[in-house]
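Participant: coords below, sequence missing:
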């Protein structure tokens, strides 16, 4: 159990680096567009943006294989894009339209994809943690070697059910990776004001769960840590904790003026630690890509995002009959 | 092409705001994430960031303007290489932002028109005449139901406190560990919130969990997972995934265990769309409904009763006995009054009916068996015949199952009623410990008899 293992920045190929750049940029541009559509009144209710935290999901998805599951809380758009869900379907769910992943009935916080083994999108802080352990329980029961990435925030890390779950996951050696996305603020309350321990991952020690802290602004460090966690879980050694230190640039939700931190704090993070800029610099410095190559990626992403916004505006609202469907299943949905 | 920057909505309820301050001026270049302006909403002052990069061509709304409607153009952004001449074309060409089409809200389902005739009900008997029967306790019936379903489906497993090595706190799972092993009969720590969540997750993952709560009182710690995680996921996922599983355990008062261990949750869970709610009285129903619950592709709340566990009933001695949800059982036919009950309430209902018969009052006694879906058609049909109804349950009076039944009768058979419906319930107090007070708090057969006499004006 050691914190912040050094990363060998050379072990990623040019193609991998470009893929991380592209995937992180897709999340950032998608979220900026979502913020814009919210401003236009096309997205309602709560909308929690992932801007700043992109390296967390992109790094961890790089360590996953087919068959692995993921589940998270309400700041979920990045997770869905990173696991390959269609941006059109995600954006159309944000606008509450028929073309959305839940046909408009879930919204920003409640979206799912059986196909991609993305189990939500949950609005109750901490509740997805035992759910994630339960998905891992099912994999162990069936005897496969899949793992479940169970994401939650530094705020959720103070919920009692998280520790009930740590206990059972360790006791039953469940193949679950607990990913604490520590963006330093539980809504408006800083970690210092809400959390007794500076290193949240160390709480796992009380249950015999190994873990580590990870630089969440460095996608390569996240991927390395993800690979260590996956290896541990897949080999049947039980759960693993990754506390990924990250930062959200935007407010908790769209209606958060973020007065609990200074503009300078946010700007400093953007200027010095931005996960996308870091990869961009590696790509250029190592001549893995030219400015023109990156411009072409930017252009491709812009088109994907603009198309998703168009789709989300054009897709009709769900039919009134949808009010009464999907309340009860008549047969169990087919497994993915 | 020049684009208009629109006044943003910055909260779920914002319709207009004050453009407090511009932090950029005409001619400034901005890129994504730069703060352009401060906007005051009804709640706070928010920073407004640029999404696209470009040059501020023109500021359309001056700083300090109040009451700026959401989606009003407030500035024009020029792309690389454009000059101010593009502004006019932007203002004229930019289409008004598409308002999401507001379709008419779905009309509330009209109240069912008063049934002109008695509704159709399923009156087939639970087992054909001549079926071989055996005497069994409710406890044995529940155990057999789970064992049969576990033999039938490898994905069914039981988890809960003391279900395995202790053989069940109330011995419902006696012998199951021996037959199925520790992979499928799983002792949990005393952490209802956590293990209920793990059970729901396992159902998401393709298994068919049975989660036992030592009593439903303790499930209060887990109710978030029963409602928010299990009941709502099918809907929230647009039908992609749900939680096919059973939550079960003893519900309601036992004896002398005081307020925190003596509550009937029938009315609570009955309210939740997405859940099915079962509350059996007899052993045959406990068995047949448990088997149906385990096979059902939805989350089922199965409310048992500690006092009933040891009671014996006839149970069909057949290979695969199931009882469908949503079908009430008429235990006794009568023409003077309808008594509707479920679970342990049936004990009082049936005793009262026997005593009333001695006085010449013939009660029809209906056991609902499942509360969601509820066989209201059988109630209505009976009330059309008897014109009077008494409901019987152990739970509290305010927001009771009986309240709901009364409202259904009023809407669907008002003209048939010769007296107000009376709801017999437990007293409106936390359960006391003292023997005499506990007796006063609980529902009694005499309460039911008195209610029947009141509605029959005897």
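Facilitator: Nice, thanks for sending it over. Predicted, not measured: the structure shown is a model, and the values here were computed from it. Residues are numbered from 1 along each chain as shown, chains lettered A, B, ... in the order given.

Participant: per-residue confidence at the residue of chain B found nearest chain A?
Facilitator: In chain B, no residue comes nearer to chain A than residue B:201, which is 1.9 Å away by CB to the nearest CB. Bear in mind the C-beta positions are built from the backbone N, C-alpha and C, glycine included. In this prediction, residue B:201 carries a pLDDT score of 98.

Participant: wait, what's in contact with it?
Facilitator: If a contact means CB atoms under 8 Å, 6 or more residues apart in numbering or on different chains, then residue B:201 has A:71, A:119, A:130, A:131, A:132, A:133, A:134, A:135, A:136, A:137, A:138 as its contacts.

Participant: That one should be in a strand, yeah?
Facilitator: No. Per DSSP: H, G, I helix; E, B strand; the rest coil, residue B:201 lies outside any strand segment and is helix.

Participant: In this structure residue B:309 contacts residue B:141, no?
Facilitator: No. Counting by CB atoms under 8 Å, residue B:309 sits too far from residue B:141 to count as a contact (9.7 Å).

Participant: Quick one: the strands in the stretch 51-200 of chain B, in order.
Facilitator: Taking DSSP state E, counting those that start in this stretch as the criterion, the stretch 51-200 of chain B contains strands spanning B:54-59, B:65-69, B:73-78, B:133-137, B:156-160, B:185-187.

Participant: Adding distance to chain A, write those out as JSON lines.
Facilitator: Putting the strands of the stretch 51-200 of chain B into JSON lines (distance: least, CB to the nearest CB, whole Å) gives the following:
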{"stretch": "strand B:54-59", "distance to chain A": "13"}
{"stretch": "strand B:65-69", "distance to chain A": "10"}
{"stretch": "strand B:73-78", "distance to chain A": "11"}
{"stretch": "strand B:133-137", "distance to chain A": "30"}
{"stretch": "strand B:156-160", "distance to chain A": "7"}
{"stretch": "strand B:185-187", "distance to chain A": "8"}
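
Participant: can you redo these as JSON lines with mean neighbour count and mean pLDDT?
Facilitator: Shown next, in JSON lines, are the strands of the stretch 51-200 of chain B (neighbours: other CB atoms under 10 Å in any protein chain shown; pLDDT from 0 to 100):
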{"stretch": "strand B:54-59", "mean neighbour count": "20", "mean pLDDT": "91"}
{"stretch": "strand B:65-69", "mean neighbour count": "12", "mean pLDDT": "92"}
{"stretch": "strand B:73-78", "mean neighbour count": "22", "mean pLDDT": "92"}
{"stretch": "strand B:133-137", "mean neighbour count": "16", "mean pLDDT": "97"}
{"stretch": "strand B:156-160", "mean neighbour count": "24", "mean pLDDT": "98"}
{"stretch": "strand B:185-187", "mean neighbour count": "21", "mean pLDDT": "98"}
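
Participant: Which one of those strands lies nearest to residue B:207?
Facilitator: Ranking those by distance to residue B:207, with CB to CB as the measure, places strand B:156-160 first at 6.6 Å.

Participant: Show me the helices in chain B, by range?
Facilitator: For chain B, the helices defined by DSSP state H occupy B:86-93, B:138-152, B:176-180, B:192-204, B:223-224, B:233-236, B:266-270, B:283-295, B:345-358, B:376-386, B:401-413, B:435-441, B:445-455.

Participant: Deepest-packed of the ones you listed, please.
Facilitator: Counting by mean count of other CB atoms under 10 Å in any protein chain shown, helix B:192-204 has the highest mean neighbour count of those, with a mean of 30.

Participant: Excluding chain neighbours, give the residue nearest to residue A:249 in space.
Facilitator: The shortest distance from residue A:249 to any residue other than its chain neighbours is 4.0 Å, reached at residue A:52 (CB to CB, 6 or more residues apart in numbering or on different chains).

Participant: Quick check: which element contains the residue of chain A found nearest chain B?
Facilitator: Using CB to the nearest CB, the closest approach of chain A to chain B is made by residue A:134 at 1.9 Å. Assigned by DSSP states H and E, residue A:134 falls within helix A:128-142.

Participant: Next: residue A:34.
Facilitator: Secondary structure assignment for residue A:34, by DSSP H and E: helix A:14-39.

Participant: ok so, going back, how about the contacts made by the closest residue to the residue of chain B closest to chain A other than its chain neighbours?
Facilitator: On the basis of CB to CB, 6+ apart, the spatially nearest residue to residue B:201 that is not a chain neighbour turns out to be residue A:134, at 1.9 Å. For residue A:134, the set of contacting residues under the criterion of CB under 8 Å, 6+ apart consists of B:197, B:198, B:199, B:200, B:201, B:202, B:203, B:204, B:205.

Participant: State the pLDDT value of residue A:134.
Facilitator: Residue A:134 is given a pLDDT of 98.

Participant: doesn't residue A:128 make contact with residue A:162?
Facilitator: No. Counting by CB under 8 Å, residue A:162 sits too far from residue A:128 to count as a contact (10.0 Å).

Participant: Quick check on the two: which one has the bigger neighbour count.
Facilitator: residue A:128 (30 against 25; other CB atoms under 10 Å in any protein chain shown).

Participant: distance of the more buried one from residue A:70?
Facilitator: Residue A:128 sits 10 Å away from residue A:70 when distances are taken as CB to CB, to the nearest Å.

Participant: cool, residue B:131 as well?
Facilitator: Computed as CB to CB, the residue B:131 to residue A:70 distance reads 50 Å.

Participant: Compare these two and say which one has the larger neighbour count.
Facilitator: More neighbours sit around residue A:70 than around the other of residue B:131 and residue A:70, counting by other CB under 10 Å; the figures are 28 against 13.

Participant: Quick check, the more buried one in contact with residue A:147.
Facilitator: No. The pair residue A:70 and residue A:147 fails to qualify as a contact (CB under 8 Å) at a distance of 9.6 Å.

Participant: what's the overlap in contacts for these two?
Facilitator: residue A:64.

Participant: which stretches of the stretch 301-450 of chain B aren't confidently modelled?
Facilitator: Within the stretch 301-450 of chain B, the set of residues satisfying pLDDT under 70 is empty.

Participant: ok, residue A:34 - contacts?
Facilitator: When contacts are counted by CB under 8 Å, 6+ apart, residue A:34 is found next to A:43, A:47, A:49, A:77, A:91, A:94.

Participant: Surely the first one is in a strand?
Facilitator: Right, residue A:43. No. When three-state DSSP is applied, residue A:43 is found to be coil, with no strand at that position.

Participant: Distance of it relative to residue A:320?
Facilitator: Here residue A:43 is placed at a distance of 21 Å from residue A:320 (CB to CB).

Participant: and the two? which has more neighbours close in?
Facilitator: More neighbours surround residue A:43 than the other of residue A:43 and residue A:320, with 25 against 12 (other CB under 10 Å).

Participant: If I look at that one, what pLDDT would I see?
Facilitator: 94.

Participant: again, but for residue B:95
Facilitator: Predicted confidence (pLDDT) for residue B:95: 44.

Participant: likewise residue A:7?
Facilitator: 48.

Participant: who touches the residue nearest to residue B:10 when sequence neighbours are not counted in this structure?
Facilitator: Sequence neighbours aside, residue B:46 is the residue nearest to residue B:10 in space, at 4.6 Å (criterion: CB to CB, 6+ apart). In this structure, residue B:46 makes contact with A:255, A:257, B:10, B:38, B:39, B:40, judged by CB under 8 Å, 6+ apart.

Participant: Now the residue most central in space within chain A: which helix or strand?
Facilitator: The geometric centre of chain A, computed from its C-alpha atoms, lies nearest to residue A:79 (CA atoms, centre = their mean), at 3.6 Å. Element membership of residue A:79 [criterion: DSSP H and E] is helix A:77-82.

Participant: which other residues reach that helix?
Facilitator: If you take CB under 8 Å, 6+ apart as the criterion, helix A:77-82 is touched by A:23, A:26-27, A:30-31, A:34, A:49-50, A:53-54, A:56-58, A:60-61, A:70, A:72, A:87, A:90, A:94, A:101, A:108, A:111, A:113, A:116, A:118, A:121, A:151.

Participant: what does stretch A:151-163 contact?
Facilitator: A:56-57, A:70-73, A:75, A:79, A:125-130, A:178-187, A:189, A:191, A:194-195, A:200, A:203, A:207, B:191, B:193-194, B:197.
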